[in-house]
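Participant: fold the following and give me the result.
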Amino acid sequence: MGHIHIKKNEVKASNLIFSIFLNLLITIAQIIGGLVSGSLALISDALHNFSDVISLVFSLVAHKLSRKKASIEHTFGYKRAELIAAFTNAATLIIVAFILIYGAIERFFHPHSIASELVIWLALLGILVNGLSVIFLRKDADHNLNMKSAYLHLLTDMMASVAVLVGGLLMKFYGWFWVDSAMTLLIAIYLVAVGVDLLLKSTKMLMLFTPENIDIKEIVREVHKIPGIGKLHHIHVWHLNEEELHLEAHLDCSQDIKMSEFNVLLHQIELVLFTSFGINHINIQPEFKKEDPKDFIVQD
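Facilitator: Below you'll find the predicted structure:
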């Protein structure tokens with residue numbers, strides 16, 4: 001099995017730890033404030049923040065696990081732990097969203113007076129805390145799905161706090177208490193949208209689906225341009241995690257060559273697959289006039 005080493009993007013666990021601490025503080029403050037003020041939007045924002053604390057802790061544990069070395073019992077190590085974390089975080093986003101939708105609809109038909117000034121100050125605190133956390137995780141979110149799931153939790157929290165702030169101002173100056181329910185609904189709908197997108201991406205990786213940016217037929221066309229290649233078939237391409245893109249396939253050789261000659265051929269294939277498709281782990285089974293299915297994709 002050949003693989004090409006690439007420089008890994010190091011994720012800073014300290015940023016996660018700091019974000020966990022900040023979100024735990026704002027969660028406690030918003031729950032107390034929501035109960036005192038009677039604001040469902042504030043409580044919904046607190047619930048979302050609490051889901052953030054859980055998701056961030058899960059992301060931190062997954063990040064630590066993913067760095068553990070492989071062993072005889074775990075030949076891939078725990079590299080897929082971060083995908084499981086991303087999947088779970090996405091699922092919690094959606095669950096929290098539907099809880100908020102139910103509460104908002106019920107409150108919409110039974111509105112009551114809300115202490116808007118407390119809502120405004122706690123919303124400002126939420127914007128500050130989540131804004132700092134978003135800044136800390138922004139860079140890591142660009143190249144790590146686990147960190148992206150944590151980042152999206154925090155980003156939606158910041159947007160939720162902005163919505164709560166707007167609602168608080170409208171309640172204070174116009175007495176529009178129904179805005180509390182409306183803002184809660186908007187927050188929840190956005191949570192569903194980002195949660196479903198993240199859930200689909202992590203599910204595809206966990207199910208070992210071919211990455212969306214990979215065209216199997218284009219891979220075959222490029223590899224077939226190499227002299228000495230018969231036919232590339234029985235192909236599987238999947239993400240082990242976001243840093244490792246794997247390909248395994250059977251390769252018909254046009255001639256009955258020596259292993260040393262095949263090694264030269266394999267090196268050429270590795271260069272093509274890495275430079276053109278970003279595939280950095282390659283497992284090729286050489287064959288010569290072997291009687292087996294020659295389709296690109298073969299059911300095992």
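Participant: from residue 86, how far off is the closest residue to residue 47 other than its chain neighbours?
Facilitator: Setting aside the residues directly before and after it, residue 47 is nearest to residue 96 in space (Cβ to Cβ, 6 or more residues apart in numbering), at 6.0 Å. Placement of C-beta: from N, CA and C, glycine included. Residue 96 is 16 Å from residue 86, where distance means Cβ to Cβ, to the nearest Å.
Participant: which one of these two is surrounded by more residues?
Facilitator: Set side by side, residue 96 and residue 86 show more neighbours around residue 86, with 30 against 23, by other Cβ atoms under 10 Å.
Participant: what strand or helix carries the more buried one?
Facilitator: helix 81-109 (DSSP states H and E).
Participant: elements contacting that helix?
Facilitator: When contacts are defined as 3 or more Cβ pairs under 8 Å, 6 or more residues apart in numbering; DSSP states H and E, helix 81-109 packs onto helix 40-66, helix 145-174, helix 178-206.
Participant: residue 225: which of these is closest?
Facilitator: helix 178-206 (29.1 Å; Cβ to Cβ).
Participant: and the next element down the chain from the closest one?
Facilitator: Trace forward from helix 178-206 with DSSP H and E and the next one is helix 216-223.
Participant: what residues of the helix or strand hosting residue 129 count as buried?
Facilitator: Here residue 129, judged by DSSP H and E, is contained in helix 116-141. With burial defined by 16 or more other Cβ atoms under 10 Å, the residues of helix 116-141 counted as buried are 116, 118-120, 122-123, 125-127, 129-131, 133-134, 136-137, 140-141.
Participant: same check, this time on stretch 47-66
Facilitator: Result for stretch 47-66 [16+ other Cβ under 10 Å]: buried residues 47-53, 55-60, 62-63, 65-66.
Participant: ok, stretch 276-283 next?
Facilitator: Neighbour-count burial for stretch 276-283 flags 277, 279-282 (criterion: 16+ other Cβ under 10 Å).
Participant: where along the stretch 201-300 of the chain do the helices fall?
Facilitator: 216-223, 259-277 (DSSP state H, counting those that start in this stretch).
Participant: got those as TSV, with distance to residue 17 and mean pLDDT columns?
Facilitator: Listed next are those as TSV, based on distance: least, Cβ to Cβ, whole Å; pLDDT from 0 to 100:
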stretch	distance to residue 17	mean pLDDT
helix 216-223	41	94
helix 259-277	35	93
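Participant: please identify which of these is closest to residue 155.
Facilitator: helix 259-277 (30.7 Å).
Participant: who does that closest one touch, helix- and strand-wise?
Facilitator: Counting by 3+ Cβ pairs under 8 Å, 6+ apart, helix 259-277 packs on strand 2-3, helix 216-223, strand 245-253, strand 281-287.
Participant: grab the CA positions of it and hand them over as PDB.
Facilitator: What follows is helix 259-277, C-alpha atoms only, in PDB (Å, rounded to 0.1, in the frame of the first residue of the first chain):
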ATOM      1  CA  MET A 259       7.600  -6.900  -9.200                       C
ATOM      2  CA  SER A 260      10.400  -4.300  -9.500                       C
ATOM      3  CA  GLU A 261       8.800  -3.100 -12.800                       C
ATOM      4  CA  PHE A 262       5.400  -3.000 -11.100                       C
ATOM      5  CA  ASN A 263       6.900  -0.800  -8.300                       C
ATOM      6  CA  VAL A 264       7.900   1.800 -11.000                       C
ATOM      7  CA  LEU A 265       4.400   1.600 -12.500                       C
ATOM      8  CA  LEU A 266       2.800   2.000  -9.000                       C
ATOM      9  CA  HIS A 267       4.900   5.100  -8.300                       C
ATOM     10  CA  GLN A 268       3.600   6.700 -11.500                       C
ATOM     11  CA  ILE A 269       0.100   5.900 -10.500                       C
ATOM     12  CA  GLU A 270       0.600   7.400  -7.000                       C
ATOM     13  CA  LEU A 271       1.900  10.600  -8.500                       C
ATOM     14  CA  VAL A 272      -1.100  10.900 -10.900                       C
ATOM     15  CA  LEU A 273      -3.700  10.200  -8.200                       C
ATOM     16  CA  PHE A 274      -2.100  12.600  -5.700                       C
ATOM     17  CA  THR A 275      -1.400  15.500  -8.000                       C
ATOM     18  CA  SER A 276      -4.700  15.300  -9.900                       C
ATOM     19  CA  PHE A 277      -7.200  14.000  -7.200                       C
END
